[in-house]
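>>> sequence first, then the predicted structure, then my questions.
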Amino acid sequence: ANAAGGLIALVHTQAAGDAGPVDSMIAKLNEFAKEHDMTPRAIYAEDPSTYETIFTSLGEAGAAIVVSTFNEVAEPFKAVAPNFPDTKFIQLFADPFEPVIPNVVTVSYDYYLGCYLSGIFAARITRSGKLGFIGGISIPPINADYNAFKAGALSVNPDLTVAVAFAGSFQDPAKGQEIASQMFSDGIDYIQTDAAATDFGIIAAAGENDGRVVSTLDPAQFPLDPESVISIVGLDFGTSLYNEATKALESGWSGGHQSTGLGTGVIDFIPSPLFAEKGPEDLRKLAEAALPFVDEARNKILDGSLSVPFDTNL
Amino acid sequence: MNRDHLHQEAGASAPALTAEAVTVRYGDVTALGEVSARFEPGRIHAVLGQNGAGKTTFARVAAGLVQPAEGSIAVFGQALAGGNVAEARGAGVELVHQSFALPPSFTVAEVLQFVGPRPGLFTRQGIERYWQAWLDGLGLGLDAGARIRDLPIEMQQSAEIARAMVSDARLLILDEPTAVLSPEGTERLFTRVRELRGKGVTVMLVLHKIREVLAIADTVTVLRGGRLVAGPLEARDLTAESLAELIIGETAARLDAADRAALVGAGAQQHDEHSRPDTPPALVLRAVSTSPHSGGKGLNDVNLSIRGGEIVGIAGVEGNGQRELVAAIAGLDPLTSGEISLADKRMDKAPLAARRDAGLRVIPFERNVEGLSLSSPLWENWSAAQLVGGALLAPVSPRALRQSAEKAFRAWDVRFSDAGQPAGSLSGGNAQKVILSREMDSGAKLILAAQPTRGLDIGATMAVWKALREARNDGAGILLVSSDLDELFDICDRIVVMVSGQAVAEFTAPWDIQAVGRAMTAAGRQSAQEARS
Amino acid sequence: MTGRLFPVIQTGAFIVLALVLCSLIFAAVGLSATGTLAAIIDGAFFRPNALNHILRWGLPLLITAVGVVISFRAGYFNIGAQGQFYLGAICAAFAAEWLRGSPAFVAVPACLLAGMAGGALWALWPALLRVKAGADEVITTMMGNFIAAQLLVHVTSGPLKDPSGSGQQASSRPVDAAWRISESSGSSPVIIILAGLVVMLGWWLVNRTSFGILSGLAGRNPVMVTWQGAKVQRIAVSAFVLSGALAGLAGSVELLGPNGRLASGFLPDHGFTAILIALVAGMSIVAAGFIALFFGALTSSGLWLPIMTGLPSAAIDIIHASIALFITAKAGALRALLTWFRR
Amino acid sequence: MEDLIVAFLRSGTPLVYVALAGVIAQRAGIWHLGLEGMMITGACATIVGIVLAQSVVVGLVAGALFCCLLAVLFWFVVEVLKANQIIAGLGLTGLGLGGTALALTAIFGSEAAVSAPFGLPRIGPAFGAFGGLSVLVAAMPFVILACWLLLCRTRFGLRLAACGEHPFAARATGVNPAKMRLVALLLGGPLCALGGAELAAGSLQIFSVNMTAGRGFMSFAAVIFGAGHPVGATLAAFFFALVGALGIRAQLAYGDRIPSSLLLALPYVATVIGLWISARIRGGNAVSSRELGQQ
Ligand SMILES: Nc1ncnc2c1ncn2[C@@H]1O[C@H](COP(=O)(O)OP(=O)(O)OP(=O)(O)O)[C@@H](O)[C@H]1O
Ligand SMILES: Nc1ncnc2c1ncn2[C@@H]1O[C@H](COP(=O)(O)OP(=O)(O)OP(=O)(O)O)[C@@H](O)[C@H]1O
Ligand SMILES: [Mg+2]
Ligand SMILES: [Mg+2]
């Protein structure tokens, strides 16, 4: 039943429907498969116990390219990839493998750096001096994002407070709304989200009153509420998937590690163009004034003069 | 049976109930086979038969609860489609069930409202006031605000009857109403039934006791094995003996004289003195008290001793501490004070398993709840007694247990097809025999027999009595709780009357029936006065 | 013999009914029903290495299901197998962490025992709440499942987190390779023997001991066994604890076997599937063995299906859900339907 | 303070609607663990209805219809096929969760969350800080009252209770317990749909897969906790909402010291403790003997 170009599979370990990385990866997967006459498969692997079986099955099914995400799949990749040398494995959001496996490409993202920039921005936007961070589940990468956000904010003003809360699910917008409402009514006026579909509720809570802004994670979220979504810490998994898959079809491809991060266009702190048009006057002014500081920090990180601590503990 | 004759007697009015070749099958069992009968209006009809004869099934067919496989039913001339309670109620049939069918958490008013004709919103006080007035008119002495689960059993039955009267029943069917009643309660019920007849209500009673049949019935119908043996026959043409023969058939000849007399209610008989004064006591209760239960009364300073080889009866109106007495001796109710010794060993705090080891056996009140696990296989039910004393991980051999159980069942003449069949598939009498086969082994030193013949037909009743006498003759002490005075008089050596958790009087043969009756009620009044003052 | 065969036919018939419902739903959303059903069978029995996959998914389920049978027979609807399974895995993972460096013959039994203890403890509190206070065990064990899931998130991203690399995994360090009792994607003789032992001991317990018979009676009528002098509370607590211990054992088997590490959110449907197995097996231990393998095949097929047919994961969920919906149905009930319509 | 009350009403209301459905089923003798599946179906249908038909009414009606469909299926399985209520209920939940995800794929081509252009009508600015609450919050007291009257103050309610408590008693008076259970489940269907609608379209305007996140199960716990009484279940539902809100408070106050997963477990711990206390007070809430499908 496979198309001429073979099978390209995306094994996503977070649910679709996040209006963010997973949705964009699926879209790019389908686009890529169409262009190369391949059969796309988006497989949701919710259960870590099943990763190895799924990768093995894909290998057995003769998949040409297998893309998966996050560090949880590293061990299964290490166990399975050597058995299927003809299948090309791509892990997005990964630590480098040592030793390198010839048919595995790992791509690391420094998403937390974007969160650090958001912290700097937030510190200059807030009038109450209170910031918030809402994550989906308190797992290590999300904890690292919070720590970076907090570090960025405190680097501007050590007197700020940064509250953190988790919804317990990446798919619970109502809980997101409840948490955000409580944060806003505590005087918090800027929330960085990191909670996939739960973000929708956080954005809705921000829209309920003036002066509340959120920073989310995907450009698709800008139009949800142009007056509240002030920025995103973008992470373009979809493009990354498309690029890596394209490379994998080229001759001479071999395994190895690829770093992406600030400055490569895959990850960045991006202010909302819609907010710049429609946002409240005073906040727009504050944002305009804050952006040069963000740019400055970004440059310092890129040239190595500023190092941002990476801490996965809460 | 001459139908034309019946028809002429009924005159212009249609029969209250006409059954034409009614057949009901449960799987392979034919509960009713081609039963045809006509019941005249305005009379009291008794339906008799052994356990499993099909009496309840017949009543349920009439009430629309059971759809007959074949045949037809008509009520007051109106043909019923069958299997439809609403239709039967509409035609004026109401059935009071053998095991009552009232939701325990409901109040009496709620029960009446629930079956009553008035939909729409109500208020609690509103229905209580309305139904209280209605109940007062009926003279049932029920409190509309009382919850069913808090009512004594006789009152629950009254509530059932009240429920049946809500829709102005013209044909009221009572399934074994006297099984749960004291003699006085039975008297009151019969008075009420006669009043109803006076008001033109046709009453059908399912009864086991011949004495009661002769006391109340206008006609008698007898079923056996799902077939109509005879009836409706005019009761005045029948004697106790002829009735017993109709019910049990040829085996009636095998009854011994004393039992026959007790069964047909020919008055108490003197019997041989069995008690042996010099045998050591099997049970001694000294000043035993227990705390009251929800709804019941605790024991209050009860002294009682039972020797081996003696049957001691506990008489009393239901709810006067009989349950608590049995539970206390069994070790299921903790004592608040006093001492219990079994075979000279103090057992105040010993668990039931230890008491069983010492020779205690229990035939509990509720055979289907406390006595048997109805959905479990027969052999497991039987084995439980063998297993409870030992370690939980003790290895057992199901095959050996099964064989022992089968042997015991055969010795007790239990009618079963397979030791693996669920206990619930046996008739009431056979189920009771399974319990007896478990509890009356050779190691029994003290047997608590609580209402062992309730609801049993005369044949099964006889088997129980015989077993109790044999155990007594083998040296076991027996405590027999019964609400049937005739039963107590027939087989007990001594009778203790309980009122309000106290042992108020003791009698030995020859029995003074009047005195026993007085003790049961007069002392009750007296103690009630004490409580009030 | 027909008496034994009948439940099998009945269950088979209701599985077919469930699949018919799935086909209707699939047809409504434009998926090929027949293709899907053929693929289920294909994935279960004809994929490469099918037997190995079936054992890998079926055997841990079997261990938990035997425990569920024990508690259900005693009359307790302990639906907390999932939580007990997680607690078993968590305790085993802590044991593995503490015992790091010790030889396999010490560490493996110690981890398995730790897992059993963890599962048993997680069953003990609902048991005590039930027998001492009468708190309904369906709710308490269900809440226990939710709490255990949160605990798992906590330990895998906190105390037991693997610090290697950038430390971004919500999982524990891999257990020592020498301690692993099976490969990652398959089963092993050790697991087969363990499962066999559990079935044998479970069978013996249920059919050849006092406990088995008394708990069966108590499960159907606790009042009756009380009047026989049995200590119902003791039977109840033992049944809960045993079932928890077995779920915990399955958790530690998963940890030392196929998983090799403790990961947040692993096998989220394990407990529920084990309950299904117990019910479908009609509370028979031996039947549970076969049914567990059937569900193992179904799981294995469920992982194969999206790869071969591109079926969305929600469709797999629907297949499982419909089977759950119908599988405990009783035959003869259809007759009741006819009677009802005649009313 | 007002904000907190608004948030509290918002998170409690969906639970209350669903719990009322559970209460009606419970009274009729059905342990309804399919509430979660019905609730998500209601949420999905409402949003999809609004998106496709641009009409809240269409969304609500569609939700009610689908929930009734599920109710009939559930009834058929437990009442006619005599399946185990708890397992079948969990199966129904799975069907709802999987079915809504599949429906999104079928209608919109992916499982991506669906935003609606508008949600349920709000009660309006006249009510100040409460103006943002949906009409379903405002309607809730009336719905509770109606349920209470229906269940506790009508003959129908008594009949329903009789079916749950003593089905034979119901049958013996000509009430068909099977029919009553169907009616009970059908009454619960629209209530579940409203609960789902309030969750997805009350203050949000979005449907995402799994968005009920266990609320149906908490509603069921509220039924047991509230002793199967509409008012008791309402109070229990709001108790859960309160504990959830306190859990968030605790995270905001201690989120950097106490692991959030442990704080997130608080509502479940509170449920257990509440159940324990209520069992002690009432002398047990366990169903003593369940038919566990033993053969
Ligand atoms: N629901 C049922 N399922 C199967 N068999 C039944 C059922 N109800 C009654 N029977 C069988 O039908 C026969 C007649 O039962 P029925 O209850 O009518 O007897 P009965 O005359 O009322 O007996 P008893 O004196 O014990 O009350 C018995 O053999 C009984 O076992
Ligand atoms: N109140 C009730 N609630 C539910 N089912 C009942 C009720 N009463 C009777 N039944 C059903 O009807 C069947 C026959 O009941 P019945 O009480 O007539 O038993 P029986 O055979 O006469 O036994 P016994 O000799 O103990 O009176 C029982 O198997 C039971 O399932
Ligand atoms: Mg009868
Ligand atoms: Mg009887």
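Looks like it came in fine. Numbers count the residues shown, from 1 in each chain, chains lettered A, B, ... in the order given. Ligands and ions are numbered 1, 2, ... in the order given.
>>> need the helices for the stretch 51-200 of chain D, in chain order.
D:56-75, D:85-108, D:135-152, D:155-165, D:167-172, D:177-201 (DSSP state H, counting those that start in this stretch).
>>> the ones you listed: lowest mean pLDDT?
Mean pLDDT per stretch puts helix D:167-172 lowest among the helices of the stretch 51-200 of chain D, at a mean of 89.
>>> does the helix or strand hosting residue D:221 reach chain C?
If you go by DSSP states H and E, residue D:221 is part of helix D:215-225. Yes: Helix D:215-225 lies within reach of chain C by Cβ under 8 Å from any Cβ of the partner chain, at D:217, D:220-221, D:224-225. C-betas here are computed from N, CA, C, even on glycine.
>>> just among those, which is most surrounded?
residue D:221 (30 neighbours; other Cβ atoms under 10 Å in any protein chain shown).
>>> that one touches residue C:139, doesn't it?
Yes: judged on Cβ atoms under 8 Å, residue D:221 makes contact with residue C:139 at a distance of 5.3 Å.
>>> overlap in contacts, the two.
Contact with both residue D:221 and residue C:139 is made by residues D:271, D:275, according to Cβ atoms under 8 Å, 6 or more residues apart in numbering or on different chains.
>>> who are the contact partners of the residue of chain D found nearest chain C?
The nearest approach of chain D to chain C comes at residue D:284, 2.3 Å away (Cβ to the nearest Cβ). Shown in contact with residue D:284 (Cβ under 8 Å, 6+ apart): C:133-135.
>>> which among those are in contact with chain A?
Answer for the contacts of residue D:284 near chain A: none qualify (Cβ under 8 Å from any Cβ).
>>> turn the residues you listed into TSV, including neighbour count, secondary structure and pLDDT.
TSV is the format used below for the contacts of residue D:284 (neighbours: other Cβ atoms under 10 Å in any protein chain shown; DSSP: H, G, I helix; E, B strand; the rest coil; pLDDT from 0 to 100):
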residue	neighbour count	secondary structure	pLDDT
C:133	20	helix	90
C:134	19	coil	88
C:135	27	coil	90
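>>> so which residues of chain A form strands?
A:7-12, A:39-44, A:65-69, A:88-92, A:104-108, A:130-135, A:161-166, A:190-194, A:213-216, A:229-235, A:256-259, A:267-271 (DSSP state E).
>>> most packed of the ones you listed?
Mean neighbours per residue, mean count of other Cβ atoms under 10 Å in any protein chain shown, is largest over these for strand A:190-194, with a mean of 30.
>>> show me what it packs onto, helices and strands only.
helix A:111-125, strand A:130-135, helix A:140-156, helix A:173-185, helix A:199-206, strand A:213-216 (3 or more Cβ pairs under 8 Å, 6 or more residues apart in numbering or on different chains; DSSP states H and E).
>>> alpha carbons of the first one, in PDB - could you do that?
Think helix A:111-125. Output of helix A:111-125 as PDB, limited to C-alpha atoms (Å, rounded to 0.1, in the frame of the first residue of the first chain):
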ATOM      1  CA  TYR A 111      14.400  26.200  23.800                       C
ATOM      2  CA  TYR A 112      15.100  27.400  27.300                       C
ATOM      3  CA  LEU A 113      17.200  30.300  25.800                       C
ATOM      4  CA  GLY A 114      14.000  31.600  24.200                       C
ATOM      5  CA  CYS A 115      12.400  31.500  27.600                       C
ATOM      6  CA  TYR A 116      15.200  33.400  29.100                       C
ATOM      7  CA  LEU A 117      14.600  36.100  26.500                       C
ATOM      8  CA  SER A 118      10.900  36.100  27.400                       C
ATOM      9  CA  GLY A 119      11.900  36.600  31.000                       C
ATOM     10  CA  ILE A 120      13.900  39.700  30.100                       C
ATOM     11  CA  PHE A 121      11.000  41.000  28.000                       C
ATOM     12  CA  ALA A 122       8.500  40.200  30.800                       C
ATOM     13  CA  ALA A 123      10.500  42.000  33.400                       C
ATOM     14  CA  ARG A 124      10.400  45.200  31.300                       C
ATOM     15  CA  ILE A 125       6.700  44.900  30.500                       C
END
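>>> what comes up buried for that helix?
Neighbour-count burial for helix A:111-125 flags A:111-125 (criterion: 16 or more other Cβ atoms under 10 Å in any protein chain shown).
>>> with that, I have no additional questions.
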